[in-house]
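J.: Prediction below, plus the sequence it came from.
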Amino acid sequence: MAMNELHLENNEKLNIADLLAKAEAIGKLAESEAREADKNAQFSDKIAKAIEEAGFHKLMRPKKYGGSAIDLKTYANIIRTVSRHSIAAGWLTYFFSIHETWAAYLPPKGRDEIFGQGGMLADVVAPLGKVEADKDGEGYRLSGNWNFCSGVLWSEWIGLGAVMKLPDSTEPEYCLLALPKSDLKVVKNWDTVGLRGTGSNGVSVENAYVPLHRIFPAARVLGKGLPPGGEYDENDSAYRRPFMSLFLFGFPLVAIGGAERLISLFKERTEKRHRVFKGGANEKESASSQRVLAELKIKLNTLEGLVDQYIEQLDSWQIEGTTVSGEEERERLFALRGHVAKSAVDIAVKTMLTLGGTAIFKGDPVELFTRDLLALAAHPNHLYEDAMAAYGSTLFGFEGHAVW
């Protein structure tokens with residue numbers, strides 16, 4: 001099956017125009033709350049409700065559980081559309097949808113429970129938890145503290161990372177343990193430079209019970225690419241690509257959406273800008289600003305091309321049913337994410353420095369988008385230096401990063 005045929009097949013039952021209209025509406029709603037959300041370090045409940053009512057949290061879940069089997073180009077356009085209006089809302093739209101992919105790899109009873117009860121999902125993948133076997137001999141007790149739990153304020157289920165021994169393991173292994181939000185405490189510590197509307201607060205858990213069927217054996221899935229316990233459709237796109245490469249796919253989409261908006265703002269303001277110290281000259285007639293706009297546009301086009309390559313790689317794996325990639329392929333995507341994140345920040349800084357004083361007031365869209373992109377670029381899955389070092393290592397035949 002060719003890639004174009006793959007997208008056509010996936011889109012047969014989708015109303016793409018309707019999906020993009022919903023994404024536009026979510027983005028505009030979030031944009032109307034931008035200053036207040038930045039002040040309060042969270043959006044109002046309206047944003048998460050709009051994402052859920054649009055069904056966007058189900059975009060990536062298996063078809064058996066009501067998923068849409070959406071193609072990645074359409075998915076990318078949805079995330080990018082929201083992000084053009086609000087990077088923080090694009091971040092949440094991506095997170096609420098992609099978090100359902102790990103739930104799809106739970107044992108069958110866990111999938112049925114979480115997808116059956118409904119509600120959106122949040123997680124912190126950092127393995128910081130302490131796990132002990134429960135005295136019932138069937139479940140486990142989880143304790144610990146985690147930060148950066150994006151979407152926790154509006155989620156019903158939370159996945160938290162830990163290293164633990166499973167019943168059939170000889171050594172501790174990396175897992176994600178899912179528990180209802182009622183079993184944890186939200187620690188309101190989200191006071192960051194950017195992405196403030198996401199409300200990505202910390203969580204604290206003390207001796208919470210987690211049954212085996214709600215444990216995602218992450219290390220095994222990363223190593224073998226198959227969900228435990230069987231009972232899955234091997235033809236469903238949810239199970240036909242390397243897990244982590246798909247899981248991290250949305251970060252560059254959010255970054256590009258934000259960068260695109262900044263370029264639009266630069267052009268709009270430059271057209272109206274008159275320079276006091278240049279005799280009132282219209283800045284759009286300045287060769288320097290013309291050159292900057294051209295440079296920003298070409299940078300954006302380059303990033304778009306890299307994301308197209310990312311999609312092509314994921315689509316190729318889907319067609320082939322490749323669930324575990326080679327080291328060099330995996331780290332190339334890590335480097336791609338790192339390059340997009342850093343380049344989006346470069347676009348933001350160039351925009352702000354060229355526009356000058358008109359762009360530095362707190363809450364101005366240029367200032368806000370710049371801070372949000374800085375915060376996005378600080379995520380460990382695409383830290384530029386780590387990403388390039390890992391990819392370069394594999395190019396010389398050595399191992400890449402242990403996770404990303």
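T.: Yes, it's here. Residues are numbered from 1 along each chain as shown.
J.: quick one, strands of the chain?
T.: Secondary structure of the chain (DSSP state E): strands at 121-133, 139-146, 157-164, 173-180, 185-187, 202-211, 215-216, 274-275, 281-282.
J.: Would you give the sheet partners of the third one, along with the direction of each?
T.: Going back to what we said before, that points to strand 157-164. Here strand 157-164 has these sheet partners by DSSP bridges: strand 121-133 (parallel), strand 173-180 (antiparallel).
J.: Tell me what angle the shortest one forms with strand 139-146.
T.: Relative orientation of strand 173-180 versus strand 139-146 (axes from the mean of the first three to the mean of the last three Cα atoms, to 10 degrees): 90 degrees.
J.: Phi first, then psi, for F398.
T.: Note on F398: its backbone torsions stand at phi -100, psi 180 [degrees, to the nearest 10].
J.: show me the contacts for it.
T.: Going by Cβ atoms under 8 Å, 6 or more residues apart in numbering, F398 touches no other residue. (Glycine included, C-beta is placed from N, CA and C.)
J.: what's the spacing between it and H339?
T.: 20 Å (Cβ to Cβ, to the nearest Å).
J.: for E33, same thing?
T.: From E33 to H339 the distance is 31 Å (Cβ to Cβ).
J.: Equivalent analysis for D136, please.
T.: 49 Å.
J.: State the distance spanning the first to the last residue of stretch 97-117.
T.: Stretch 97-117 stretches 16 Å from its first residue to its last (Cα to Cα, to the nearest Å).
J.: just stretch 124-140 next, same as before
T.: Span of stretch 124-140 from end to end, Cα to Cα: 18 Å.
J.: what does it rub up against?
T.: 141-149, 158-164, 174-177, 203, 205, 209-212, 215, 218.
J.: between D136 and H339, which one's more packed in?
T.: H339 (19 against 9; other Cβ atoms under 10 Å).
J.: How many neighbouring residues does the nearest residue to I16 once chain neighbours are set aside have?
T.: Computed as Cβ to Cβ, 6 or more residues apart in numbering, the closest residue to I16 that is not its neighbour in sequence is T74, at 5.5 Å. When neighbours are counted by other Cβ under 10 Å, T74 registers 17.
J.: quick one on the thing from earlier: filter the contacts of stretch 124-140 down to the buried ones, ChimeraX style.
T.: A single ChimeraX command selects the buried members of these (16 or more other Cβ atoms under 10 Å):
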select :141,142,144,145,146,148,149,158,159,160,161,162,163,164,174,175,176,177,203,205,210,211,212,215,218
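J.: who does P180 bridge with?
T.: Here P180, judged by DSSP bridges, has bridge partners W157.
J.: per-residue confidence for it?
T.: P180 carries a pLDDT value of 98.
J.: thinking G151 is in contact with E100, fair?
T.: No - taking contacts as Cβ atoms under 8 Å, G151 lies outside contact range of E100: 11.8 Å.
J.: List the residues that are in contact with both of these two.
T.: Here G151 and E100 have L121 as joint contacts, going by Cβ under 8 Å, 6+ apart.
J.: so which of the strands of the chain gets nearest I79?
T.: Taking Cβ to Cβ, strand 121-133 is the member of those nearest to I79, at 16.5 Å.
J.: Which parts of this protein belong to which domain?
T.: 3-102, 120-232, 243-395 (automatic domain parsing).
J.: closest to W404 out of the ones you listed?
T.: From those, taking Cβ to Cβ, the stretch that ends up closest is domain 243-395, at 4.9 Å.
J.: Average pLDDT for the closest one, rounded please.
T.: For domain 243-395, the per-residue pLDDT averages 97.
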